[in-house]
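Peer 1: model the structure of this input:
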Amino acid sequence: MASAGELYRAIVVIFVLLCILPSYAGAITVSMAEGMLNTTQQEDVTVEFAVEVSDLPKQAAFLEMESDLTTYREYALWNLSPREKWELAGGDDAFSEQRIVLTITGDWTQPVLVKVSGKVPVITEVKQYDGIVLTKRSTRRSGFTYYRIQALDEKGYPVGTAVTATFNIAIPEEEQFKERLNAVQDSQIRPIISGLYDKGLTQEAYQLLVYAESPKPSTVPLWLFATGILLVALAGFFIGQRRGIALERKKRDIKGD
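Peer 2: Numbers count the residues shown, from 1 in each chain. Sure, this is the predicted structure:
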């Protein structure tokens with residue numbers, strides 16, 4: 001006859017199994033059908049590919065699909081077939097959104113073709129302030145998604161594991177600049193050029209880089225030339241900032257009148 005302790009342990013094991021078994025689900029099957037997914041992409045380039053999605057878990061009531069790609073021209077980001085296996089609220093406009101949630105209406109044991117047409121995000125931002133050009137880039141360069149596909153149950157909770165394909169964004173111009181900078185022999189001028197570039201003053205950084213790469217006889221020392229470029233750039237930037245603030249105040253005063 002089982003002891004009270006053994007009976008208690010048996011009840012706990014059964015309870016745990018009952019909790020685990022209903023939520024158990026295998027991974028969705030996603031296979032490439034068209035195109036190629038490179039691990040590295042350049043910003044703003046067009047990407048087109050297609051995957052086949054099948055073998056959804058039995059508990060799946062919805063299918064969530066996400067991408068970091070953006071739409072371009074009149075094309076939708078997502079295109080799925082056949083139509084009878086899913087529904088999507090919001091009409092055709094919803095297919096241009098980076099995240100969509102499908103309602104599962106049919107058996108997905110046979111593959112559903114998911115075509116994706118989009119552009120790699122632009123991580124470069126260029127602004128002008130009275131002749132001074134600032135070029136700023138996002139520090140994020142990795143972990144962008146071609147797609148992320150996740151099954152959800154009736155309550156919207158994840159079922160099984162998500163299937164994800166990712167890429168990095170590379171900027172060739174930036175990599176070429178760093179190669180040229182590393183080749184500069186003057187260790188004092190390199191951090192000045194790098195500082196200008198990191199602050200978004202790329203034109204000034206290139207001017208100084210060219211000067212450092214091709215030193216010519218001059219009565220002006222290299223460090224003084226670099227300092228002059230930096231001061232001119234900063235002066236233009238602050239003048240532009242102050243003028244922008246003054247214009248904004250003037251607009252507010254006019255509206256107040």
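Peer 1: from now on I want contacts and neighbour counts done on CA atoms only, so please keep to that.
Peer 2: Will do.
Peer 1: which intervals of the stretch 151-257 of the chain have sub-threshold pLDDT?
Peer 2: Judged by pLDDT under 70, the stretch 151-257 of the chain has its weakly predicted residues at 215-257.
Peer 1: could you do the stretch 1-150 of the chain as well?
Peer 2: For the stretch 1-150 of the chain (pLDDT under 70), the answer is 1-26.
Peer 1: show me where it has helices.
Peer 2: For the stretch 1-150 of the chain, applying DSSP state H, counting those that start in this stretch gives helices covering 4-20.
Peer 1: tally up the residues packed near Leu102, please.
Peer 2: When neighbours are defined as other C-alpha atoms under 10 Å, Leu102 has 17 of them.
Peer 1: give the bridge partners for it, please.
Peer 2: When bridges are called by DSSP bridges, Leu102 pairs up with Leu63.
Peer 1: list the contacts for it?
Peer 2: 62-64, 86-89 (C-alpha atoms under 8 Å, 6 or more residues apart in numbering).
Peer 1: among those residues, who's most crowded?
Peer 2: Most surrounded of these: other C-alpha under 10 Å gives Phe62, at 25 neighbours.
Peer 1: follow-up on the earlier one: nearest to Leu134, of the contacts of Leu102?
Peer 2: Nearest to Leu134 out of those is Glu64 (C-alpha to C-alpha; 38.4 Å).
Peer 1: mind giving me the domain split of the protein?
Peer 2: 25-122+141-170, 173-251 (automatic domain parsing).
Peer 1: which stretch among those comes nearest Leu134?
Peer 2: Nearest to Leu134, of these and by C-alpha to C-alpha, is domain 173-251 at 4.7 Å.
Peer 1: CA atoms only for stretch 108-120, dumped as PDB, please.
Peer 2: Taking C-alpha atoms only, stretch 108-120 is exported to PDB below (Å, rounded to 0.1, in the frame of the first residue of the first chain):
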ATOM      1  CA  TRP A 108      -1.700  24.000 -42.700                       C
ATOM      2  CA  THR A 109      -0.300  20.500 -43.200                       C
ATOM      3  CA  GLN A 110       0.100  21.600 -46.800                       C
ATOM      4  CA  PRO A 111       2.400  24.600 -47.200                       C
ATOM      5  CA  VAL A 112       1.100  28.100 -47.400                       C
ATOM      6  CA  LEU A 113       3.300  30.300 -49.600                       C
ATOM      7  CA  VAL A 114       4.400  33.600 -48.000                       C
ATOM      8  CA  LYS A 115       6.000  36.100 -50.400                       C
ATOM      9  CA  VAL A 116       7.800  39.100 -48.900                       C
ATOM     10  CA  SER A 117       8.800  42.200 -50.900                       C
ATOM     11  CA  GLY A 118      10.400  45.100 -49.000                       C
ATOM     12  CA  LYS A 119      13.400  47.300 -48.400                       C
ATOM     13  CA  VAL A 120      16.200  47.200 -45.900                       C
END
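Peer 1: quick one: distance of that stretch to the chain centre.
Peer 2: 19 Å (C-alpha atoms, centre = their mean, to the nearest Å).
Peer 1: hmm, who's touching it?
Peer 2: With C-alpha under 8 Å, 6+ apart, stretch 108-120 has contacts from 41-56, 68-72, 75-82, 85.
Peer 1: so which of the residues you listed are in strands?
Peer 2: Counted as lying in strands by DSSP state E, out of the contacts of stretch 108-120, are 41-42, 46-54, 78-81.
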